[in-house]
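In: Compute the structure for the input listed below.
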Amino acid sequence: MFHIGHLNILKRAKEQCEYLIVGVSTDELCFQRKNKYPIICETDRAAIVEAIRYVDRVVPQFNMDKLAAVKKYDVDAVFVGSDWKGTSAWTEYEKQFAVEGCTVVYLDHTDGISSTILRERLNEK
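Out: Predicted structure coming up:
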């Protein structure tokens with residue numbers, strides 16, 4: 001579920017780049033990763049993200065192959081939440097991206113909000 005933390009990441013990313021491409025996971029990718037479909041379908045999620053003024057382009061994310069996306073869209077920076085910094089996956093991405101001339105920029109996480117927190121609040125009601 002889209003929340004203020006997502007908006008903050010997009011805003012901070014756009015402050016550091018000229019052209020911001022945002023990948024939106026397909027419904028099938030969400031199901032593969034979490035064994036459930038998202039509440040809001042991929043078409044609607046893409047439309048929401050596309051309407052945000054910080055976003056220049058929305059692309060579907062069909063898989064988790066971030067290196068392929070870096071190559072396909074010829075990006076020089078990938079923005080991700082700081083909660084991923086130091087993880088084995090993102091440490092490996094940093095190495096892979098560097099070969100392509102791309103850096104990973106970690107952006108501060110918005111405390112007190114997450115999709116998990118929102119789902120828990122909805123389930124309480």
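In: so residue 61 makes contact with residue 73?
Out: No: using C-beta atoms under 8 Å, residue 61 makes no contact with residue 73, being 11.3 Å away. Bear in mind the C-beta positions are built from the backbone N, C-alpha and C, glycine included.
In: which of the two has more neighbours?
Out: residue 61 (17 against 14; other C-beta atoms under 10 Å).
In: Which strand residues bridge the closest residue to residue 69 other than its chain neighbours?
Out: Nearest residue to residue 69, sequence neighbours excluded (C-beta to C-beta, 6 or more residues apart in numbering): residue 23, at 6.5 Å. As for beta bridges, residue 23 partners with residue 59 under DSSP bridges.
In: Pull the contacting residues for residue 23.
Out: Counting by C-beta atoms under 8 Å, 6 or more residues apart in numbering, residue 23 touches 58, 59, 60, 61, 69.
In: what would the residues you listed look like in JSON lines with distance to residue 15?
Out: Formatted as JSON lines, these follow (distance: C-beta to C-beta, whole Å):
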{"residue": "58", "distance to residue 15": "19"}
{"residue": "59", "distance to residue 15": "21"}
{"residue": "60", "distance to residue 15": "25"}
{"residue": "61", "distance to residue 15": "23"}
{"residue": "69", "distance to residue 15": "21"}
